[in-house]
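A.B. asks: any chance you can model this:
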Amino acid sequence: MTDLIFEQPLNEKNRSYLRLEYLYQQLQDNLEQDHNQRCFTPLFALCELNERCDYRTDILKDIDQQLVILKKWQNLPHVDHAQIDYYLRSLNSYRQQLYACERIGLSLKQDKFLSALRQRFNMPGACCNFDLPQLHYWLSQPWSVRQQQYQQWCIHFDKLLKPINMLLQLIRNTAEFKPAIAKSGFYQNEAQSPLSLIRVKLTAQQQVYPTISGHKTRCAIHFVDFSTNKHSNNDIEFMIAACR
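C.D. replies: Purely as a prediction, here's the structure:
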């Protein structure tokens, strides 16, 4: 059976983190395999998001909070101290890099080749060879050459995206999946302390998907039948993790 995991952020900060993580995953996919001009889509999306908002303040604040929590865990007897030491080293390194770096993505904004592509990239059909001859020349280069250059562009976002990946990993680790049943396709829950992320695990064979809503200490889940696109009236067994 194929497991599917659906995630719903319960605050705007985590919503941004998940979007950035998704784009980072696309960058990695493009580094591993030649996707031709499609590789520029996540790259330009990251440029756009970083021009709208400087995420460093939120990331640095979250890193500091996680460092305090992890240092407390160091004193507990039944924890994986090697894993905690790894997180502490990594987060401290990310923290130093973020403090020292310039505005993320600034160098790419000044790249003439990328700037010319970006101006036209979102226009329908505007990537024809008469519109962007430089793109078609670039695509004619061997994949090894393009891969190396693409990696150099992606590195500009590492200082932002790597700590976000680790922060999301720590958030997900705050809760384990537990079995639940949505009676007539509906489930709701309340928590004693604020939540930041709801995770729902299903199998593809169930042929339903969840629409999740919530805020801080509560969440509601409606399951929708994929074939009819209507609310399911069946009892749905699933797994849920309410992350803090």
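
A.B. asks: now residue 6, what's its secondary structure?
C.D. replies: State at residue 6, reduced to three classes by DSSP: H, G, I helix; E, B strand; the rest coil: strand.

A.B. asks: what's the local residue count around it?
C.D. replies: For residue 6, the count of nearby residues is 15 (other Cβ atoms under 10 Å). Where C-beta positions appear, they are placed from N, C-alpha and C, glycine not excepted.

A.B. asks: I'd say it and residue 199 touch.
C.D. replies: Yes. With contact defined as Cβ atoms under 8 Å, residue 6 reaches residue 199; the gap is 7.3 Å.

A.B. asks: how far does stretch 228-242 stretch from start to finish?
C.D. replies: With Cα to Cα, to the nearest Å applied, stretch 228-242 spans 29 Å between its terminal residues.

A.B. asks: which strands and helices lie in contact with the helix or strand bottoming out on mean pLDDT in the chain?
C.D. replies: Sorting the helices and strands of the chain by mean pLDDT, DSSP states H and E puts helix 106-109 at the bottom, at a mean of 86. With contacts taken as 3 or more Cβ pairs under 8 Å, 6 or more residues apart in numbering; DSSP states H and E, helix 106-109 sits against helix 40-52.

A.B. asks: and after the helix it packs on, which helix or strand comes next?
C.D. replies: Next in sequence after helix 40-52, counting helices and strands by DSSP states H and E, comes helix 56-73.

A.B. asks: who's in contact with that following helix?
C.D. replies: 13, 16, 79, 84, 87-88, 91-92, 94-95, 98-99, 104, 160, 163-164, 167, 170 (Cβ atoms under 8 Å, 6 or more residues apart in numbering).

A.B. asks: re earlier: how far out from the middle of the chain is the least confident helix or strand of the chain?
C.D. replies: How far helix 106-109 lies from its chain's middle: 22 Å, per Cα atoms, centre = their mean, to the nearest Å.

A.B. asks: beyond that helix, next helix or strand please.
C.D. replies: Going down the chain from helix 106-109, the next helix or strand is helix 112-121, by DSSP H and E.

A.B. asks: pull the residues that contact that following helix.
C.D. replies: The contact list for helix 112-121 (Cβ under 8 Å, 6+ apart) reads 40-41, 43-44, 47, 108-109, 126-127, 131-132, 134-135, 138, 153.

A.B. asks: what's the neighbour count on the closest residue in space to residue 9 that isn't next to it in sequence?
C.D. replies: Leaving aside its sequence neighbours, residue 9 sits nearest to residue 15 (Cβ to Cβ, 6 or more residues apart in numbering; 4.3 Å). By other Cβ under 10 Å, the residues close to residue 15 number 13.

A.B. asks: what helices or strands is whichever strand or helix holds residue 15 leaning on?
C.D. replies: Using DSSP H and E, the element containing residue 15 is helix 12-32. Other elements packing on helix 12-32 under the criterion 3+ Cβ pairs under 8 Å, 6+ apart are strand 3-9, helix 40-52, helix 56-73, helix 143-155, helix 158-172.

A.B. asks: need these in a markdown table (columns: mean pLDDT and distance to residue 119).
C.D. replies: A markdown table is the format used below for the helices and strands packed on helix 12-32 (pLDDT from 0 to 100; distance: least, Cβ to Cβ, whole Å):
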| stretch | mean pLDDT | distance to residue 119 |
| --- | --- | --- |
| strand 3-9 | 96 | 32 |
| helix 40-52 | 92 | 10 |
| helix 56-73 | 93 | 27 |
| helix 143-155 | 95 | 17 |
| helix 158-172 | 96 | 23 |
